[in-house]
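Novice: for reference, the sequence and a predicted model appear below.
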Amino acid sequence: MLEAINTWGDYRSKVREFDAVLEHGKAVSAALATYAPQATYAAAGLKIFLKLVAHCTALRSLAPDGSQAATAALADVSSMSALARCAVEAHDAFEYIAGHEATPAEREFRLLLWALHDDTRRLKMFADADDAGPQVDALRAHAQQRQSRLEGHAFLASLPPELQAALRQRMAQGDPPAFHLGQRQRCALSGVNAQWHYAVTLQLSQYAHTLPTSVLLPDTAPGTRDALRLTALPLLLTLPFLVRITQTVAALIPERAPEPPSRTARTMALWRGFAERATAPRG
């Protein structure tokens, strides 16, 4: 992946691939403008997809334009990595809510758990800020209602006893997880190599956080091979996730979604395969 980038021309080539896939993603999102899915999980999934496209659009705006000459300064790799990390999270949320094969009961359970996780985090935020009022009271009542539905849900009762007990304990402690499955389990259901996923998220986080690795990034001489690869890294690590969800959403609305140009389709097939591999590129 990164080994193919040695010159500004190589970088431009990879940026064009990202641009082609992103433009197709935008075309698919535009096809959703007048589409109103009946299933709650599908509606939530499509909103997550729009969030993913927005992250990727913002990410692309920070990357040097491949149609221009080499820039005199290194791109903001830390901010690009943070946005790429957001894109990975959007991919994971989409898969859990709308991507995996699941029974109607499990889909309802997943949506409720995901939403309860959000509710409890917001309540903690308000509590830490000593914020109170009707809005907080309404949120607390809503969370309690969701938790009651989850505690009596048929799907929860069907889970293995240890997992069921762990989920009940976390809900009782006011700390429900966003997902009832671990990352490796979710990767397996998505057809994504868990080792590759871990390596990607770890690498992006390393550049996004204020650690020596990211603090020393400006010391990299712009225009060099290392600088070009660093700049391309967040784009290229995001591509497989963008491809996967774009293709899944397009399959949900085959009568509306546009077909990608043949060259873009080949590019998407290539990048989709990276998510099934066991190693990630090193920046």
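Specialist: Cool, got the structure.
Novice: residue ranges with poor pLDDT in the chain?
Specialist: 66-73, 278-283 (pLDDT under 70).
Novice: where along it do the helices fall?
Specialist: Listed in chain order, the helices of the chain (DSSP state H) span 8-31, 40-62, 77-94, 104-128, 134-151, 154-158, 161-172, 183-190, 194-208, 212-215, 225-252, 262-274.
Novice: so which of these comes closest to residue 2?
Specialist: Comparison of those against residue 2 by C-beta to C-beta identifies helix 225-252 as nearest, at 4.7 Å. Every residue, glycine included, has its C-beta placed from N, CA and C.
Novice: pull out the buried positions in the closest one.
Specialist: 227-250, 252 (16 or more other C-beta atoms under 10 Å).
Novice: sorry, back to before: mind checking which of the helices of the chain is nearest residue 1?
Specialist: Nearest to residue 1 among the helices of the chain is helix 225-252; the distance by C-beta to C-beta comes to 5.6 Å.
Novice: the closest one packs against which elements?
Specialist: Helix 225-252 sits against helix 8-31, helix 40-62, helix 77-94, helix 194-208, helix 262-274, with contacts defined as 3 or more C-beta pairs under 8 Å, 6 or more residues apart in numbering; DSSP states H and E.
Novice: looking at those, which is closest to residue 107?
Specialist: Nearest to residue 107, of all the helices and strands packed on helix 225-252, is helix 40-62, at 4.6 Å by C-beta to C-beta.
Novice: picking that back up, return the most buried member of the helices and strands packed on helix 225-252.
Specialist: Most buried of the helices and strands packed on helix 225-252 by mean neighbour count (mean count of other C-beta atoms under 10 Å) is helix 77-94; its value is a mean of 23.
Novice: relative to helix 183-190, how tilted is it?
Specialist: Inter-element angle recorded for helix 77-94 and helix 183-190: 70 degrees (by axes from the mean of the first three to the mean of the last three C-alpha atoms, to 10 degrees).
Novice: make residue 1 into 13 and carry on from there
Specialist: Understood, numbering begins at 13; the last thing we discussed is helix 89-106.
Novice: what packs against helix 89-106?
Specialist: Packing partners of helix 89-106 (3+ C-beta pairs under 8 Å, 6+ apart): helix 52-74, helix 206-220, helix 224-227, helix 237-264.
Novice: that one to helix 237-264, inter-axis angle?
Specialist: Helix 89-106 runs at 20 degrees relative to helix 237-264, counting by the same axes, to 10 degrees.
Novice: what angle separates helix 89-106 from helix 52-74?
Specialist: Taking the same axes, to 10 degrees, one finds that helix 89-106 is oriented at 170 degrees with respect to helix 52-74.
Novice: which residues make contact with helix 89-106 from outside it?
Specialist: The contact list for helix 89-106 (C-beta atoms under 8 Å, 6 or more residues apart in numbering) reads 57, 60-61, 63-64, 67-68, 70-71, 74-75, 126, 190, 195, 198, 209, 212-213, 216-220, 222, 226, 229, 242-243, 245-247, 249-250, 253-254, 256-257, 260.
Novice: using CSV, write out the CA atom coordinates for it.
Specialist: Extracted C-alpha coordinates of helix 89-106, given in CSV (Å, rounded to 0.1, in the frame of the first residue of the first chain):
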residue,chain,number,x,y,z
VAL,A,89,-1.5,14.4,9.7
SER,A,90,-2.7,14.4,13.3
SER,A,91,-6.1,16.0,12.4
MET,A,92,-6.3,13.8,9.4
SER,A,93,-5.7,10.8,11.6
ALA,A,94,-8.4,11.9,14.1
LEU,A,95,-11.0,12.2,11.2
ALA,A,96,-9.9,8.8,9.9
ARG,A,97,-10.4,7.3,13.3
CYS,A,98,-13.9,8.8,13.3
ALA,A,99,-14.6,7.2,10.0
VAL,A,100,-13.5,3.8,11.4
GLU,A,101,-15.9,4.2,14.3
ALA,A,102,-18.7,5.1,11.9
HIS,A,103,-18.0,1.9,9.9
ASP,A,104,-18.1,-0.1,13.1
ALA,A,105,-21.4,1.5,14.3
PHE,A,106,-23.0,0.9,10.8
